[in-house]
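Novice: Curious how this folds, go ahead:
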Amino acid sequence: MTTKNLLVELFVEELPPKVLQKLGDAFAGVLADQLKAQGLTSDDTVVTAYASPRRLAAHISHIWLKAADKAVRQKLMPVSVGLNAAGEATPALLKKLQALGADVSDPAAAVAALQRAPDGKAEALFYDSLATGATLDTGLQKALDEAIAKLPIPKVMTYQLEADCDLPGWSSVHFVRPAHGLVALHGSTVVPVKALGLQAGHTTQGHRFEAAVSPVVIQDADSYAATLQNDGAVIASFTERRAEIARQLAAAAARIGNGVRPIEDEALLDEVTALVERPNVLICAFEPEFLDVPQECLILTMKANQKYFPLLDAAGKLTNQFLVVSNINPDDASFVIGGNERVVRPRLADAKFFFDQDRKKTLASRVEGLGKVVYHNKLGTQGERVERVRAIAKAIATQLGDAALVAQADLAAQLAKTDLVTDMVGEFPELQGTMGRYYALNDGLGEVVADAIEDHYKPRFAGDALPRNMAGVVVALADKLETLVGMFGIGNLPTGDRDPFALRRHALGVIRMLVEKDLPLDLSTLLAGAVPAFGDKITDATAALADFIYDRLAGSLREQGYSAQEVDAVLALRPQRLAQVPQFLAAVRAFAALPESPALAAANKRIGNILKKAGEVDAHVNPQLLQEQAEQDLFAALQRFVPEANAQFDAGDYTASLQTLAVLRAPVDAFFDDVMVNAEALDLRLNRQGLLKTLHDAMNRVADLSRLAV
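Specialist: Below you'll find the predicted structure:
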């Protein structure tokens, strides 16, 4: 018996475009996994997923018609329960064998066929049988049912089976979209499976308007994609269709010339790929006067509302041409082009109208309107929030700069949210901040304040740019701290995958600005300084918030390639200047590479345990009480090298500081070999504990080195 390739297709009405690829991958993946679990796949099996707007399909190679029979050993019961003193089968054993389908007409023969093997402390009886391998008919049915049940469907539809609608007792079907066809071919043979009220066959439907034949007949599993493309005018593969669209977009831009290129947007490309079966890219245009509107507005309305690809010139400026991915390929495309140009014109006119109307009022005149916008039922309005952000921003700006920075940050903080009550942002919320910058420039507020207004949302996502100027950094910090302190203060914390106020993103934004802008700000001071702005609206939850921020920082550092040990060692000390953390990590990594590192880390861990048991220990040493040579040598080494290490630390050379202390390995080892720390005499014991505390404090300024101990 040889294997053949399998093709399964579910033909449905238009699927949700934003999840199409995910649905296609899940459908093919679960099908293959279920077939493999039943032994119907081979070692050479390859899975290919297909997904188009109206179909989910999978091509799975090297599938057996029947799985191999499988030897199965089942534990029955302990020998003491299954056999009596004479070694004969007990009624319990016979009953169990009957339930398994074994022949018990001759009990002695049945017992002789059983296997005895140790099972823990006792011996048990085992029954060996041969399980018949699954057939493809039953195996595929089970796999198909499972694949449909496990589809990550965002929202299920309910519809009635067409053939049963007029009959009493008709049944409803629950699926993402109404299904109209099922193909299941093993080689060229139809596998008789059913799904969603459909019986499998070998025909499907092609493009709604451009298929050469209807229905499209699939001769065998391997001809599926080619037949669908040739006879059905459909590119079944999501990946191939996406690549074809990208190719046509680039080719169309090249035909225009002058360095014009389509805007890069992977999400838009994915969505358009999920909307068309046979892509045909066309060049369209709109009136040049619309280019007076900020290009972000025009780009957003073309992408979000029409799924068009705007064209940028070599300098990155929007042109008045755009690309449309059509689902039809007529001989004369002028009607399609004209239709799309007529459709986009009112959208652009709306954007121009909003922009013109918004500029009639200054941002300052809109501040009062924020008092009517509810931010949170426990934290008040956007107007109240703005005042909190202003207070926090003033405090930060005072630490970082002069009166000019304070004034710029205060004005930007006051106006940063005013574009929320403009018509343009009301229509396109994604433009908040962006429109604030345009309107600030229109009001003559200057680029520093305008840039700060736009940038106070940054970084908005992983890898996003940071604010361009210091005023923007101040307001962005203040805005994120206000959100974090406020939400933690009312107990509105993220749980699991739910984070409606993006607190994780805000925490990472605070971390990035403190680190990448090398800001001389203490985290605890920042958090504590934000609390008074809320009055009695919140409780102080800055301790929990600090834990949350350090957790985000730890995760970010591990993603950057630092080991868990390195991160744990540095963050165990809760460094307040997060800008120093990368330098601390570099110092720890260099120290860990030294031959003295393991011994010193182990000694540091031992010292920590001793001090923990001793309780409060004063880092004070009386040289007159140092009796043993080893403790005298250690004290002398501390006197010699700790001042040098401290000077290097204070100068910011953390790597040199740790490497200077590495010479303490020999005196530390000798100390623990020759000195009893917990001496009976109280003064000796306290003095030795003080010596260890002095050593511990000196060695753990950069990181908790005990965390490096294996």
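Novice: who touches D103 in this structure?
Specialist: By C-beta atoms under 8 Å, 6 or more residues apart in numbering, the contact set of D103 is 109-110. Heads up, the C-betas are built off the backbone N, CA and C, glycines and all.
Novice: could you say which helix or strand contains it?
Specialist: Secondary-structure assignment from DSSP states H and E places D103 in no helical or strand segment.
Novice: and the gap between it and L97?
Specialist: Separation of D103 from L97 (C-beta to C-beta, to the nearest Å): 8 Å.
Novice: Touching both of these two, which residues are there?
Specialist: Joint contacts of D103 and L97 (C-beta under 8 Å, 6+ apart) are A110.
Novice: measure stretch 193-204 end to end?
Specialist: Stretch 193-204 stretches 15 Å from its first residue to its last (C-alpha to C-alpha, to the nearest Å).
Novice: so how far is it off the chain centroid?
Specialist: 37 Å (C-alpha atoms, centre = their mean, to the nearest Å).
Novice: hmm, who's touching that stretch?
Specialist: Under C-beta under 8 Å, 6+ apart, the answer for stretch 193-204 is 9-11, 55, 137, 140-141, 144-145, 148, 161, 163-164, 171, 173, 175, 179-185, 190-192, 215-219, 228, 232.
Novice: Show me which of these are buried.
Specialist: By neighbour count, with 16 or more other C-beta atoms under 10 Å, the contacts of stretch 193-204 hold 9-11, 55, 140-141, 144, 148, 161, 173, 175, 179, 181-185, 191, 215-216, 218, 228, 232 as buried.
Novice: Among those, name the ones in strands.
Specialist: Using DSSP state E, 9-11, 55, 173, 175, 179, 181-185, 216 are the members of these that sit in strands.
Novice: Out of these, which one has the weakest pLDDT?
Specialist: Lowest pLDDT of those: V173, 85.
Novice: could you give the mean pLDDT of whatever helix or strand A267 lives in?
Specialist: Assigned by DSSP H and E, A267 belongs to helix 266-273. Averaged over helix 266-273, pLDDT sits at 96.
Novice: Pull out the buried positions in it.
Specialist: For helix 266-273, by 16+ other C-beta under 10 Å, it's 268-273.
Novice: average pLDDT across the lengthiest helix in the chain?
Specialist: The longest helix of the chain (DSSP state H) is helix 334-358. Taken as a whole, helix 334-358 has a mean pLDDT of 95.
Novice: One more: stretch 192-204?
Specialist: On average, stretch 192-204 scores 94.
Novice: Once you drop chain neighbours, what's closest to A200?
Specialist: A184 (3.8 Å; C-beta to C-beta, 6 or more residues apart in numbering).
Novice: Sorry, slip of the keys, the one I care about is A554.
Specialist: Distances taken as C-beta to C-beta, 6+ apart put V567 closest to A554, at 5.2 Å, once the chain neighbours are dropped.
Novice: Surely the one you found is within a helix?
Specialist: Yes: using DSSP: H, G, I helix; E, B strand; the rest coil, the secondary structure at V567 is a helix.
Novice: Report pLDDT for it.
Specialist: 96.
Novice: a markdown table for the buried residues of helix 266-273, including distance to T45?
Specialist: Converted to a markdown table, these look like this (distance: C-beta to C-beta, whole Å):
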| residue | distance to T45 |
| --- | --- |
| L268 | 35 |
| L269 | 30 |
| D270 | 27 |
| E271 | 31 |
| V272 | 32 |
| T273 | 27 |
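Novice: For A670, state which of the residues you listed is nearest.
Specialist: Closest to A670 out of these is D270 (66.0 Å), distances taken as C-beta to C-beta.
Novice: Pretty sure Q21 is one of the things the closest one touches, is it not?
Specialist: Yes: counting by C-beta atoms under 8 Å, D270 touches Q21, with 6.5 Å between them.
Novice: Q229: what's its closest spatial neighbour, skipping adjacent residues?
Specialist: Using C-beta to C-beta, 6+ apart and skipping residues adjacent in sequence, the residue nearest Q229 is I235, 5.8 Å away.
Novice: three-state assignment of the one you found?
Specialist: coil.
Novice: my guess is it contacts Q248, does it?
Specialist: No: taking C-beta under 8 Å as the definition, I235 is not a contact partner of Q248, at 11.8 Å.
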